[in-house]
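In: sequence first, predicted coordinates after that:
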Amino acid sequence: MIRVRLVRLLGMFLAAVVLAGLCGFAKAPADRDVLFQSSVLDALLAGVYDGEFTVGELKKHGDFGLGTFNAVDGEMIVVDGVVYQAKAGGKVLVAEDAAKTPWAAVTWFEADRIQKLGEVSGLADLGAKVDAALPTRNLFFAIRIDGRFKMVKTRSIRPQKRPYRPLAEVVKDQVVVLFEDLDGTLVGLRCPPFVKGSNLPGYHWHFISADRKQGGHVLDCRFTGLVAKIDLIDGYFLLLPGQEDYFRLDLSGDKAGELGRVEGNPAK
Ligand code: ZN
């Protein structure tokens with residue numbers, strides 16, 4: 001009797017697994033302290049700029065995070081459950097649910113810690129000051145900073161056309177915008193060193209103005225008297241692309257050098 005029930009339960013479980021596979025849907029754990037990520041950064045660096053994953057799907061996995069859009073058409077900023085698109089030049093639009101992303105990472109933001117930052121003189125200084133509040137460098141962290149910024153230097157990328165060039169080439173044409181004395185929000189992720197190839201080890205910041213009209217990928221910033229709200233994240237869910245250009249890619253090389261050129265400040 002017990003055996004029959006076990007077999008039946010096993011059958012139901014297998015049916016559920018097969019059904020999930022057939023539907024092709026990815027289900028992240030219900031735990032809210034999970035960084036959900038679509039695709040890997042090395043694929044983006046190699047020029048896989050068109051994903052199949054939609055903004056509507058992404059919003060089911062988090063309300064806070066960052067990424068980019070198909071054809072690397074601007075920078076993605078996810079804050080308070082809204083997905084924004086900072087176009088080249090810094091103008092921000094609300095992304096439609098049908099828009100697609102080749103790379104994005106989101107989580108459900110809940111502040112576990114608050115850290116006073118005092119005077120912040122640049123991006124490296126910001127990293128050091130947030131680091132001082134962290135219990136370890138081996139978890140993921142989402143960081144939110146709201147307030148008035150003395151200076152934020154951002155960049156966005158113009159939409160690319162096929163055949164796509166590698167991202168390190170494309171960012172040479174990035175559009176840099178300098179914001180001064182502007183209210184806004186910094187949306188940050190801090191990843192541990194072992195994500196190399198998949199995400200960006202260390203800090204990655206995007207900015208959006210308080211009126212949600214301007215923003216981009218942060219190259220530099222200065223501010224004083226703000227606090228960092230920090231969310232500790234101990235889960236990582238990675239959804240990989242199912243398309244041909246990703247399947248054919250040779251990801252065996254180390255792209256750390258290219259990543260530095262793409263994410264860093266070209267003026268430095
Ligand atoms: Zn970015």
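Out: Thanks, I have it. Numbering: from 1, shown residues only.

In: now do stretch 245-258, average pLDDT.
Out: When pLDDT is averaged over stretch 245-258, the result is 91.

In: list the buried residues in it.
Out: Using 16 or more other C-beta atoms under 10 Å as the burial criterion, the residues of stretch 245-258 that qualify are Y246, K255, E258. All C-beta atoms are positioned from the backbone trio N, CA, C, and that covers glycine.

In: what sits up against that stretch?
Out: 39-43, 45-46, 48, 50, 166-168, 196-197, 240 (C-beta atoms under 8 Å, 6 or more residues apart in numbering).

In: mind checking how far stretch 193-207 is from the chain centre?
Out: 8 Å (C-alpha atoms, centre = their mean, to the nearest Å).

In: can you check stretch 257-267 too?
Out: What separates the centre of stretch 257-267 from the centre of its chain is 16 Å, taken as C-alpha atoms, centre = their mean.

In: what about D211, is that helix, strand or coil?
Out: Secondary structure, DSSP: H, G, I helix; E, B strand; the rest coil: D211 is coil.

In: got the contact list for it?
Out: So D211 contacts D183 (C-beta under 8 Å, 6+ apart).

In: from D181, how far out is the spatially most central residue of the chain?
Out: With distances taken as C-alpha atoms, centre = their mean, L66 lies nearest the centre of the chain, 3.1 Å away. Distance, L66 to D181, by C-beta to C-beta, to the nearest Å: 24 Å.

In: do a quick rundown of the helices in the stretch 151-268 of the chain.
Out: In the stretch 151-268 of the chain, the segments counted as helices under DSSP state H, counting those that start in this stretch are 167-170, 244-247, 256-263.

In: out of those helices, nearest to L58?
Out: Closest approach to L58 among those (C-beta to C-beta): helix 244-247, 17.4 Å.

In: ok now the closest one, how far from the chain's centre?
Out: Centroid separation between helix 244-247 and its chain, computed with C-alpha atoms, centre = their mean, is 21 Å.

In: over to stretch 218-238?
Out: Distance, centroid of stretch 218-238 to centroid of chain: 12 Å (C-alpha atoms, centre = their mean).

In: how long is it from one end to the other?
Out: Stretch 218-238 stretches 24 Å from its first residue to its last (C-alpha to C-alpha, to the nearest Å).

In: now that stretch: average pLDDT?
Out: What stretch 218-238 shows for mean pLDDT is 98.

In: how near is the residue nearest to A111 when sequence neighbours are not counted to A142?
Out: In space, and not counting its chain neighbours, A111 is closest to K229: 3.8 Å by C-beta to C-beta, 6 or more residues apart in numbering. Noted for K229: a distance of 9 Å to A142, by C-beta to C-beta.

In: those two: who's more crowded?
Out: Using other C-beta atoms under 10 Å, the more surrounded residue of K229 and A142 is A142, with 27 against 16.

In: name the element the more buried one belongs to?
Out: Counting by DSSP states H and E, the element that carries A142 is strand 140-156.

In: could you pull out the buried residues of that strand?
Out: By neighbour count with 16+ other C-beta under 10 Å, strand 140-156 contains the buried residues F140, F141, A142, I143, R144, I145, F149, V152, K153, T154, R155, S156.

In: which residues touch the nearest residue to E119 once chain neighbours are set aside?
Out: Of all residues not flanking E119 in the chain, T224 sits nearest, at 4.7 Å (C-beta to C-beta, 6+ apart). By C-beta under 8 Å, 6+ apart, the contact list for T224 reads G118, E119, V120, K150.

In: tell me how many other residues crowd E244.
Out: Neighbour number of E244 under other C-beta under 10 Å is 8.

In: distance of it from D50?
Out: From E244 across to D50, the span is 11 Å (C-beta to C-beta).

In: surely F141 and A133 touch.
Out: No - contact criterion C-beta atoms under 8 Å: F141 and A133 do not qualify, at 9.2 Å.
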